[in-house]
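Student: Mind looking at a prediction? Sequence and model below.
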Amino acid sequence: LERKIEFRDVITTAIPSIISWLDDTSVAAQAGAATALGKFAKHAEFQDAISAVIPTMIPLLAVHDTSWEAKRARADVVTAFGDFSRMFSK
């Protein structure tokens, strides 16, 4: 959806809700939020909203849970950081 111009206003409005999922107790919700934010970060119009959340995502890398779900969340956060770094290096 992030590639469709007609959805960009809706996505921009939804970003704060997606960011709030990073504080969810569900690791799956955190992983989903990180993935979504990473995808949205590729688009200039979302960068200001997303750059503010980067400090919130860093603690997700330090979760010591060894479950598959926790490992997946960490992988998604790392992927999102890769997307963020490409966003800021342009």
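Tutor: Cool, the structure landed.
Student: Look up phi and psi at residue 53.
Tutor: Main-chain torsions, residue 53, degrees, to the nearest 10: phi -90, psi -10.
Student: and it, how far is that from residue 67?
Tutor: To residue 67, residue 53 is 24 Å away according to Cβ to Cβ, to the nearest Å. Backbone N, C-alpha and C define where each C-beta goes, glycine included.
Student: Pick out whichever of the two has more residues nearby.
Tutor: residue 53 (20 against 10; other Cβ atoms under 10 Å).
Student: per-residue pLDDT, the nearest residue to residue 53 once chain neighbours are set aside?
Tutor: Nearest residue to residue 53 in three dimensions, chain neighbours excluded: residue 19, at 4.8 Å (Cβ to Cβ, 6 or more residues apart in numbering). With respect to pLDDT, residue 19 has a value of 76.
Student: name the element residue 19 belongs to?
Tutor: Element membership of residue 19, judged by DSSP states H and E, is helix 8-20.
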